[in-house]
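Undergrad: with the sequence up front, the predicted model follows.
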Amino acid sequence: MQKRLLLALLALLSSPNSLMAQRTWTKVKEELLFATPPFAQCHASTLVEGNNGQLLVACFAGPHEGSKDVAIWLTTVSDDGISPPRKVADGVVKDSLRYPTWNPVLF
């Protein structure tokens with residue numbers, strides 16, 4: 001049963017309608033957001049476009065994955081350029097209490 005379901009799903013994803021949907025996307029620009037980031041590593045990026053065309057981009061970043069001091073960083077991309085990344089969530093409640101901050105999701 002699982003093999004049939006997987007095959008059906010693969011057939012749907014490879015159908016001409018699915019390929020047509022993929023062709024509607026157009027790459028507008030490709031650029032590096034963090035030329036000199038204040039963190040060593042980042043991943044799990046997410047972005048959302050605002051009504052004014054500005055992009056809001058967030059990522060999970062810090063010294064390395066699994067480090068206790070990783071945080072969520074945020075930057076904006078607009079016609080005016082790319083803002084410097086700023087830390088927006090680090091999980092710190094008080095000196096003795098810090099919750100992990102994991103992969104961000106913007107919507």
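TA: It's in.

Undergrad: contacts, neighbours, all on C-alpha from now
TA: Fine.

Undergrad: helices of this structure, start to end?
TA: 2-13, 16-23 (DSSP state H).

Undergrad: comparing those by mean pLDDT, which bottoms out?
TA: Of all these, the minimum mean pLDDT falls on helix 2-13 (a mean of 48).

Undergrad: the residue nearest to residue 73 when sequence neighbours are not counted - how many residues pack around it?
TA: Excluding its sequence neighbours, the residue lying closest to residue 73 (C-alpha to C-alpha, 6 or more residues apart in numbering) is residue 87, at 4.4 Å. Residues near residue 87, counting by other C-alpha atoms under 10 Å, number 16.

Undergrad: check the one 4 residues further on too.
TA: If you count neighbours by other C-alpha under 10 Å, residue 91 ends up with 17.

Undergrad: that one and residue 27, how far apart?
TA: Per C-alpha to C-alpha, to the nearest Å, residue 91 is found 35 Å from residue 27.

Undergrad: do residue 83 as well
TA: As for residue 83, its distance to residue 27 is 21 Å (criterion: C-alpha to C-alpha).

Undergrad: so between those two, which is more surrounded?
TA: More neighbours surround residue 83 than the other of residue 83 and residue 27, with 14 against 5 (other C-alpha under 10 Å).

Undergrad: give the contact list for that one.
TA: The contact partners of residue 83, by C-alpha atoms under 8 Å, 6 or more residues apart in numbering, come to 75, 76, 77.

Undergrad: any chance of JSON lines for those, columns distance to residue 40, neighbour count and pLDDT?
TA: Converted to JSON lines, the contacts of residue 83 look like this (distance: C-alpha to C-alpha, whole Å; neighbours: other C-alpha atoms under 10 Å; pLDDT from 0 to 100):
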{"residue": "75", "distance to residue 40": "16", "neighbour count": "19", "pLDDT": "94"}
{"residue": "76", "distance to residue 40": "20", "neighbour count": "20", "pLDDT": "94"}
{"residue": "77", "distance to residue 40": "21", "neighbour count": "16", "pLDDT": "92"}
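
Undergrad: okay then, goodbye and thanks.
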